[in-house]
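Enquirer: With the sequence up front, the predicted model follows.
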Amino acid sequence: MAEGVRIIAVNRRARYEYSVDDTYECGLELLGTEVKSFRDGKISFPDAWAEVTDGEVWLRSLHIAENPYSSVFNHDPGRKKKLLLHRDEIKRIHRRVDEKGYTLIPLSFYFKKGRVKVELGLCKGKKAFDKRAGIRERDVKRDMEREFRLRRG
C-alpha cells in the first residue's frame with residue numbers, strides 16, 4: 001500500500017478460503033457515525049460479501065458498531081453499504097460474477113487520504129485439496145528459509 005494509507009482491518013481468512021483472481025479499490029458510501037466507528041476500528045466482516053444489482057455494487061453482512069456518543073442519530077449496524085466504482089468496472093465485475101463460482105469478497109478496509117476504502121476481491125472458492133496444497137507450500141518455503149538462515153549464520 002502507498003503512503004498516507006492506514007489499514008483498519010484485513011480479512012486474512014478470505015485468502016485462505018478463496019483464490020483471488022482480481023482486486024478493485026472501492027469507496028464506501030457511509031454515514032457520519034459509521035465513519036467514526038471505522039476510525040475506532042469497530043467493524044466486523046467475517047462473512048461479508050458484495051453483489052451487483054441494477055448497475056450498483058452493494059456490500060452485505062458488514063457490521064459497523066454503533067457509536068456510543070451519538071444518541072438518536074446513530075446508524076443501523078447491519079444496513080447494506082453502497083460501493084463506489086466506475087461504471088465500466090461495475091460492468092466488468094458483473095460479467096465475471098455471472099460466471100459460475102465467482103463472488104465478491106472484501107479483503108481489507110483502510111483509510112486513504114482521509115477516505116474509507118475497501119479492497120474488493122473477485123474470488124473463486126478453493127477446494128479442500130487446494131487448501132492443503134497451499135499449507136504444504138507455505139511449510140516447505142518456511143523450512144527452506146530456515147535452512148538458508150542456518151547455513152549463512
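Expert: Thanks, I have it.
Enquirer: helix/strand/coil for residue 27?
Expert: Taking DSSP: H, G, I helix; E, B strand; the rest coil as the rule, one finds residue 27 in the strand state.
Enquirer: how about it, what does it touch?
Expert: With contacts taken as C-beta atoms under 8 Å, 6 or more residues apart in numbering, residue 27 has the following neighbours: 83, 84, 85, 115, 116, 117, 118. Yep, even glycine has a C-beta here, placed from its N, CA and C like the rest.
Enquirer: Now tabulate those residues in CSV and tack on secondary structure.
Expert: Listed next are those as CSV, based on three-state DSSP:
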residue, secondary structure
83, strand
84, strand
85, coil
115, strand
116, strand
117, strand
118, strand
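Enquirer: What's the PyMOL line that selects buried ones from the residues you listed?
Expert: Only the buried entries of those go into this PyMOL selection, using 16 or more other C-beta atoms under 10 Å:
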select buried, resi 83+84+85+116+117+118
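Enquirer: mind listing what's buried in the helix or strand containing residue 108?
Expert: Using DSSP states H and E, residue 108 maps to strand 102-112. For strand 102-112, burial by neighbour count (16+ other C-beta under 10 Å) applies to 102, 104, 105, 106, 107, 108, 109, 110, 111.
Enquirer: quick check, nearest of the residues you listed to residue 35?
Expert: For residue 35, the closest of these turns out to be residue 111, at 9.5 Å, with distances computed as C-beta to C-beta.
Enquirer: how far away is that closest one from residue 60?
Expert: Applying C-beta to C-beta, to the nearest Å, the value for residue 111 to residue 60 is 22 Å.
Enquirer: same deal with residue 3?
Expert: To residue 60, residue 3 is 32 Å away according to C-beta to C-beta.
Enquirer: Between those two, which has more neighbouring residues?
Expert: For the pair residue 3 and residue 60, the greater number of neighbours falls to residue 60 (15 against 5), based on other C-beta atoms under 10 Å.
Enquirer: how deep is the residue nearest to the more buried one when sequence neighbours are not counted tucked in, by neighbour count?
Expert: For residue 60, the nearest residue in space outside its immediate sequence neighbours is residue 80; the separation is 5.3 Å by C-beta to C-beta, 6 or more residues apart in numbering. With neighbours defined by other C-beta under 10 Å, the count for residue 80 comes to 14.
Enquirer: do residue 133 as well
Expert: Taking other C-beta under 10 Å as the criterion, the count of residues near residue 133 is 12.
Enquirer: Many thanks, have a good one.
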